[in-house]
Every structure is written in structure tokens, then in C-alpha cells.
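[1] Sequence first, predicted coordinates after that:
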Amino acid sequence: MLRLFLLAAPAVMAVACHGNDPARARAAASNAPQTTPPAVAGTPGAKLTEVRSPDIKPDTKGESARPADPPTAGGHDFTAEARALISVGACGDLPPPEGFDTRLLAGHCDVIKQAQRDYLAQWVSPARSFFAEHVPRDIPRKVVYPFAGGDLSTALTVFPDADEITTLSLEPAGDPRDLAHLKGGELDRALKKVQYELKFLYRVNFSNTINMIDAMREGSLPTQLIFGLSALKIHGYEVVGLRYFRIEPNGAIHYLDDAEVAAAPTPDKARPNVRNRIFANAEVQFRRPGGRVQVYRHIQQNLDNEHLKADPRVLKHLEAKGTIAGMTKAASYLLSWDSFSVMRDYLTSHVTWMVSDATGVAPKWGKPAGFEYETYGVFVGPHIQAGGSVARDWRVEFEAEPRRDLAFRFGYYDKHNANHLVIMRKKKA
């Protein structure tokens, strides 16, 4: 079992929240906190691009036409459960399973579909246009996104043609068997948690860890997985497979087989936090209509030095990927902490191209490792104290760069609510 991340001092614990904002207390489920600027507030003078629905076609030429590695044989097939969760939780275009209250599902999906439409129009469209212009076509097609929380959608916006996307966070993917055991008020309450957290993520472009503890680690539905399924729906992909896995001592993947799944306690025998830890790591196979199979893996892992050194399986798994493309955002500035230097060193030794906000790898570490930086938007200083040690480093970098506008939020805002984004890439020899 993976140990949950606990820091001794409460003040420090509030900051250590992989991929999410620690500065906001838990809010009522009706609205995102009004003190949090919306994710679509652009840099002054920036223009939003025309809003369009995704125009996704089969990829039939160039490097991206090469198939991903074929899926490894074995493992219990949860594709039927994935399809049910797409319909009920992520509100995709699939019929719901029999026996569910259609009025309850319709009410839930009215909320979710509106949030998805708004997010697609207000964030995905301008961000997709930006990254289509700025992401090189020759970068590695294996992507690693540490401190991701429940955010697959941003990775798909940046890297729509990735062969493989791996997200890592403290949150488990969750038990996919839950849905069949929920009815009436229990299902309604579980869906409302999904509604609130998805709306929050889509509105402000990050999540609060204190909320995700309840929604994902303690959730009666596999909320992290539903977030991923919603992202695939928004971006026009179809799901073709779902399996769960653990990482072996040598870093290899072991898919949970039928016997291991049968041995796991059922939803009526154990609390969600127990079962969600068993079903912590998920692999979703997906594709564009008529396209090749791509792979999304989520791994629950504490990324501080103590945990990575005590149990190096996940680090071995990541290192086996070779060179990668990377991203992170809203990561509580943990990559600037000495206690997260192992993950920082992994990125500087394996990444060739990475996008982040100021919670990425700061120039004081990136430049000696052979990277150059390109900045967008404005950064004067961090909006939370956790970034104090790299505040000047980032400010100097932004001041030295030409002013480049940014029409959307990418993770955190700075202390004056300004949007910013950083591209870090290896210098060419």
C-alpha cells in the first residue's frame, strides 16, 4: 500500500498538496470561491481566439501515425465499468446502465455538460490554439505530469498526440465497482461531489487538495477516474479499455488479474478509502475515432524524497521511459523544496521539453542542467508563501524575457492575479 503524505507541522501540511492550491479553504458546494480569479482572465491586451468545438480527425500521416506500444496482455478488464462511469459520472454519449433513476442522472448531466461546454469554450479553445503553435512536433511522445491531481484535460490540450501520458498525485484512481452499489440518496451525494470538483477545476484551472481528500481518497465514486473520463469526452476521444495495476520492484507494471480483483473487499464490505487504495493506479486506453490506441496511466504516489527513496518502484518505472516531455502546474512550489529534489532531478535529467507555471523547475536548477526558458504573461511573485524561495529567480527570468501575452490561465496566478506560463527546453547543441 502507498502511504499517504503527512507532514508534521500543520502550516507545512497546508502547502504540500500535489498539483493543487493549498491557499483556499474548503468551500460550499454551490460555487467556486469568489476570491479565486477565473481561469479565463487573460493578460491585458491578449485576445481570445474564436471558440470552436474540437475538430478531431484520425491521424494518418507523419510521426503521430505510428502506433503506440501494443497493450500488454492480461489483467482484469474493467471496460464495462468505464463505459458506465462515462455515461453516469462524466456524462458522455453512452446509454446509462439499467436500473438508475433517469431524472437523477439527467439533473447531474445538465450540470456537468454545461460545465464541460463552458470549459471547452473559455479555456480549452484558446489554450489548444496556443499549444498547437508552441509545442514542437519532434518532442518525445511519452509525457510525465507530476503533481497532477485529477487533471488529465490539460495534458490532452498540450499533448493531444502523445503515445502515453502518466499523471502522478496523492489521489487514487478509485474503485470502479462503486457505481453498481450506489442508488438513491447515496448516488446523488456522490454525484454532487463530482459536480463540485469538476466545476471548480474547470473554472479556476486547479483543484484544492483539502477538497480532493474527501472527493477522491474518501469518495464513494472513483472521482479521479471520472475526471479523466470527462477529459477524454471533452477532447473527443473514445475509451477502449480500463485496467488497474501496481508497480513491481523493478519498475514494471503488473496488471491486477481476476483473482486479485476478486480478493479485494467489495463496496459493502470496506470503506471507500480502503478500496480506493487497492485501486490506486489505473490505465485507460483511448483513441480518436478511427485513430490509433493511446494510453493514459494514473499513479498514486507521494513524490517527496522520503517516499521515493524508501520505495523507489515508481521512480524506476519513470526512469525506464527514457527521455520524456513534461508538464506540471499548481504544484504548491514543491519542486523548489529540498525535500522534493529527487523528483526535480528526475525531470532535469529526463525531460527535453516541459511546460509549467512558476511551480515548475526554476531557472536556478534548469539552466545549469542545460535548459533555456521562454516566458508568457506576467509573474511578480507567488500568491502563496510556499514559493518564496524561488520568487526572485522567477521574477528576474520574466523581467529578462520579452513581454509575451497569455490569453488563459495555466495553473496558478501570481500575487497580483496575473496569468503566467513557462516553457523549459533543452538547448540545442
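    Great, that's in hand. Numbering: from 1, shown residues only.
[2] which secondary structure elements does the helix or strand containing residue 85 contact?
    Element membership of residue 85, judged by DSSP states H and E, is helix 79-88. For helix 79-88, the packing partners by 3 or more CB pairs under 8 Å, 6 or more residues apart in numbering; DSSP states H and E come out as helix 223-234, strand 238-247. C-beta here means a position set from N, CA and C on the backbone, and glycine is covered the same way.
[3] In it, which residues are buried?
    Within helix 79-88, the residues that count as buried by 16 or more other CB atoms under 10 Å are 81-88.
[4] now swap in stretch 249-257 and tell me
    Buried residues in stretch 249-257, counted by 16+ other CB under 10 Å: 251, 253, 255-256.
[5] about what we covered before: ok and the helix holding residue 85 relative to helix 223-234, angle-wise?
    If you take axes from the mean of the first three to the mean of the last three CA atoms, to 10 degrees, helix 79-88 sits at 70 degrees to helix 223-234.
[6] who's in contact with the helix or strand just after helix 79-88?
    Where DSSP H and E defines the elements, the next helix or strand beyond helix 79-88 is helix 102-119. For helix 102-119, contacts defined as CB atoms under 8 Å, 6 or more residues apart in numbering pick out 88, 90-91, 96, 153, 187-188, 191-192, 194-195, 198-199, 202-203, 230, 233-234.
[7] now those residues: which count as buried?
    For the contacts of helix 102-119, buried by 16+ other CB under 10 Å: 88, 90-91, 96, 153, 187, 191, 194-195, 198-199, 202-203, 230, 233-234.
[8] thinking again about what came up before, rounded mean pLDDT for the helix holding residue 85, please.
    Over the span of helix 79-88, the pLDDT mean works out to 97.
[9] which residues of the stretch 201-350 of the chain score low on pLDDT?
    Applying pLDDT under 70 to the stretch 201-350 of the chain flags residues 205-219.
[10] The same query, at a cut-off of 90, please.
    Within the stretch 201-350 of the chain, the ranges that satisfy pLDDT under 90 run 201-220, 267-273.
[11] Then the stretch 51-200 of the chain?
    Scanning the stretch 51-200 of the chain for pLDDT under 90 picks out the ranges 51-74, 149-150, 181-184, 193, 196-197, 199-200.
[12] Over to the closest residue to residue 246 other than its chain neighbours: give its phi and psi.
    Using CB to CB, 6 or more residues apart in numbering and skipping the chain neighbours, the partner closest in space to residue 246 is residue 254 (5.3 Å). Dihedral angles of residue 254 (phi, psi; degrees, to the nearest 10) stand at phi -120, psi 120.
[13] What of residue 365?
    Residue torsions, per degrees, to the nearest 10, at residue 365 are phi -100, psi -40.
[14] count of neighbours near it?
    Per other CB atoms under 10 Å, the neighbour tally for residue 365 reads 19.
[15] returning to what we had before: any idea which of the buried residues of stretch 249-257 is closest to residue 221?
    Comparing the buried residues of stretch 249-257 against residue 221 with CB to CB places residue 256 closest, at 19.1 Å.
[16] quick one: the closest one and residue 407, what's the gap?
    43 Å (CB to CB, to the nearest Å).
[17] Kindly report the same for residue 363.
    From residue 363 to residue 407 the distance is 24 Å (CB to CB).
[18] With residue 309 instead?
    Noted for residue 309: a distance of 41 Å to residue 407, by CB to CB.
[19] re the thing from before, now flag whichever of the buried residues of stretch 249-257 is closest to residue 268.
    Nearest to residue 268 among the buried residues of stretch 249-257, with distances taken as CB to CB, is residue 256, at 19.8 Å.
[20] I figured the closest one hits residue 243, correct?
    Yes. Contact status for residue 256 versus residue 243: in contact at 7.2 Å, counting by CB atoms under 8 Å.
[21] and residue 259, how many neighbours?
    Neighbours of residue 259 (other CB under 10 Å): 8.
[22] For it, list the residues it contacts.
    Residues near residue 259 by CB under 8 Å, 6+ apart: none.
[23] Name the helix or strand for it, please.
    Residue 259 is part of helix 258-263, with elements assigned from DSSP H and E.
[24] Between helix 102-119 and the lengthiest helix in the chain, find me the angle.
    When the chain is parsed with DSSP state H, its longest helix is helix 184-204. Comparing the axes of helix 184-204 and helix 102-119 via the same axes, to 10 degrees yields an angle of 10 degrees.
[25] Counting by contacts, list what helix 184-204 packs against.
    Helices and strands touching helix 184-204, by 3+ CB pairs under 8 Å, 6+ apart, are helix 102-119, helix 209-212, helix 223-234.
[26] Looking at the buried ones among the contacts of helix 102-119, which two lie furthest apart in space?
    Largest pairwise distance in the buried ones among the contacts of helix 102-119, by CB to CB, is 26.2 Å, between 96 and 203.
[27] ok, residue 118 - how many residues close by?
    Neighbours of residue 118 (other CB under 10 Å): 14.
[28] how close does it get to residue 129?
    As judged by CB to CB, residue 118 and residue 129 stand 17 Å apart.
[29] got it, and residue 374?
    Counting by CB to CB, the gap from residue 374 to residue 129 is 17 Å.
[30] And residue 117, by the same measure?
    Per CB to CB, residue 117 is found 18 Å from residue 129.
[31] cool, and residue 296?
    Note on residue 296: its distance to residue 129, by CB to CB, is 23 Å.
[32] residues touching residue 165, list them.
    Counting by CB under 8 Å, 6+ apart, residue 165 touches 143, 145, 152, 155-156, 159, 294-297.
[33] Confirm that it sits in a helix.
    No. Looking at residue 165 with DSSP: H, G, I helix; E, B strand; the rest coil, it is strand, so not inside a helix.
[34] Pick out the residue closest to the middle of this structure.
    Note on the chain: the residue nearest the mean C-alpha position is residue 151, at 2.4 Å, using CA atoms, centre = their mean.
[35] check contacts around residue 173.
    Residues near residue 173 by CB under 8 Å, 6+ apart: 222, 224-225, 228, 244, 276, 279-282, 298, 300.
[36] Provide the secondary structure category for it.
    coil.
[37] Grab the nearest non-local neighbour of it.
    residue 282 (3.6 Å).
[38] Residue 406 versus residue 399, what's the distance?
    In terms of CB to CB, residue 399 sits 16 Å off from residue 406.
[39] Same drill for these two, tell me which one is more crowded.
    residue 406 (20 against 11).
[40] Need the helices and strands packed on helix 79-88 in a markdown table (columns: distance to residue 113).
    Below are the helices and strands packed on helix 79-88 laid out as a markdown table (distance: least, CB to CB, whole Å):
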| stretch | distance to residue 113 |
| --- | --- |
| helix 223-234 | 10 |
| strand 238-247 | 17 |
